[in-house]
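A.B. asks: A predicted structure for the sequence below; I have some questions about it.
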Amino acid sequence: MLNQHLNLDHTSGMQGIQVPEDAETVTWSDGHITVLPTVMREGQNVLKEDAELTKKLAEVPTSKPGSEFVTHFDFHNISRDELILGIRASLGEGKCVVVRGAAKPGPDVLSMEYLEKMYRIQSTMRVDMHDMELRAKESSKPHIAGTVGELIAGIFNPNEQRCILDCVISTGLPQDLTALDDGLMAWHRTLQDCPLKGKFVHPDNFLVNGWGLIHQGGVVTAPHHDSEGQNTFIIGDIGLKIWVWFFYKDSKNRQSLLQASRSLCDKYDFSQFLAESVTVYPGDLIIQPPGQLHSVYTPIPSFTRGGHFYSYETLPSTELSRWLDCHAGLLLTNQAHEHTEETLWRMAAVIPRLPPNEVPHRIPLLALCHMVLSAEKYVAQGTRSTILKKNAPKAIQSTSKDRAIAIVQKILQHMDIAARDLPGILEIAKDSDVIVDLGNCLSELQNE
């Protein structure tokens, strides 16, 4: 296999074959040389704005071990338990995570044969592709219907640049790291307390755990954050991605963060953020906490797998991210899901069954309490939540909601905190590491 860590020039095989011959190139902060997004129409690059954004991203400094914002691990030089603890601690502090060599790399070249063999992604699978030329004309309408096979064949068409963002696959977190997913654990552990018989469960509760990203070369994804306050993991399989993370410079004042985020995502204004870039090679794993603003460049044809998950440590970031989505979700995120409430209810419903050392710490616990009690305040802009409707059909009414509400009410009573005070506490919260002793306040819910 070609050692892509040593190969810095990724223009060979692109110009005149996958992108126009006269496509410009750019050198990134870590030395990689790539083409710029290019689709020519009547002698003009219709992706000029994408190209300018990519030039700005290329100037972002490379993240290195010891970074204030990113924790770096080598999968082969750390034990499983130490890695899980390190990842949880980093995400809980709002840091991104890079784990080099966490998975087996795929082959050098993206092919339909590999996708069919490894992931049962057939060439005839119908998908909504994102077309960069359409996105340049109207950012809210980039979609074009097609098949996976058409996207793969289009790799060698220099007159198109497309990608697929939501190709559902059955793989999720690496086996050694599945314990990070507290949301899925809560589903498993509450099936007796909150039975599903006769109930409809939204498929996003499980489909977001594993998906594939299939990109032609030269595609840039504009700054955004992922929806519904989930942690996001990405595993490089084939090709290359250059991930750029943005970190707000000032305080966590919500209104100022909201305005800065709007400016970043709408006008590509980096001025209120510090930023670091990471090149994701085949076999590498990166994880970002909820609400992490990021932009991505895919310089060569690539297949990347990833997914979302919830964790107790990151619930303050989940709450803040969902608040941002409520006010500006149409601008800040590129995908929306309707499943969050049920998972969060179950994360609350399982608390009486958790060992004391696994009970969320003070601020994550209060963030969960607020999202359970005020679920209607966190519906993302431009979306709706069927499960929250007062007249929702019985089949979709949650069996975990009432238990979750009863639990968080008892927790707040035990902590002597009024529900109305939660927004103010979460607004100024700095320390998420205070351990909570729930005593026997949930004993009657343990014995149900």
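C.D. replies: Great, that's in hand.
A.B. asks: so where's the stretch 101-250 of the chain uncertain?
C.D. replies: For the stretch 101-250 of the chain, no stretch is flagged by pLDDT under 70.
A.B. asks: Kindly report the same for the stretch 301-448 of the chain.
C.D. replies: 329-339, 381-397, 430-432, 448.
A.B. asks: May I have the residues that are in contact with residue 437?
C.D. replies: residue 356 (C-beta atoms under 8 Å, 6 or more residues apart in numbering). (Glycine included, C-beta is placed from N, CA and C.)
A.B. asks: again, 10 Å this time
C.D. replies: 356, 359, 414, 415 (C-beta atoms under 10 Å, 6 or more residues apart in numbering).
A.B. asks: Reduced to three states, what does it come out as?
C.D. replies: coil (DSSP: H, G, I helix; E, B strand; the rest coil).
A.B. asks: is it true that residue 129 lies in a strand?
C.D. replies: Yes. Secondary structure of residue 129, determined by three-state DSSP: located in a strand.
A.B. asks: What residues are bridge-paired with it?
C.D. replies: residue 144 (DSSP bridges).
A.B. asks: circling back: what is the nearest of the contacts of residue 437 to residue 206?
C.D. replies: residue 359 (25.4 Å; C-beta to C-beta).
A.B. asks: That closest one reaches residue 347, doesn't it?
C.D. replies: No. Using C-beta atoms under 10 Å, residue 359 is not in contact with residue 347, being 11.6 Å away.
A.B. asks: From the contacts of residue 437, pick the one nearest residue 305.
C.D. replies: Nearest member of those to residue 305, counting by C-beta to C-beta, is residue 359, at 32.2 Å.
A.B. asks: about what we covered before: of the contacts of residue 437, which is the most crowded?
C.D. replies: Counting neighbours by other C-beta atoms under 10 Å, residue 359 leads the contacts of residue 437 with 18 neighbours.
A.B. asks: before we move on, the earlier item: which residues are in contact with both of residue 359 and residue 347?
C.D. replies: residue 312.
A.B. asks: how much space between the closest residue to residue 217 other than its chain neighbours and residue 34?
C.D. replies: For residue 217, ignoring the flanking residues on the chain, the nearest one in space by C-beta to C-beta, 6 or more residues apart in numbering is residue 300 at 4.5 Å. Counting by C-beta to C-beta, to the nearest Å, the separation of residue 300 from residue 34 is 8 Å.
A.B. asks: what ranges do the helices span in the stretch 101-250 of the chain?
C.D. replies: 112-119, 132-137, 148-153, 182-189, 204-207 (DSSP state H, counting those that start in this stretch).
A.B. asks: Same list, those helices, but as TSV with mean neighbour count and distance to residue 341 please.
C.D. replies: Listed next are these as TSV, based on neighbours: other C-beta atoms under 10 Å; distance: least, C-beta to C-beta, whole Å:
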stretch	mean neighbour count	distance to residue 341
helix 112-119	16	30
helix 132-137	18	31
helix 148-153	19	32
helix 182-189	20	12
helix 204-207	16	10
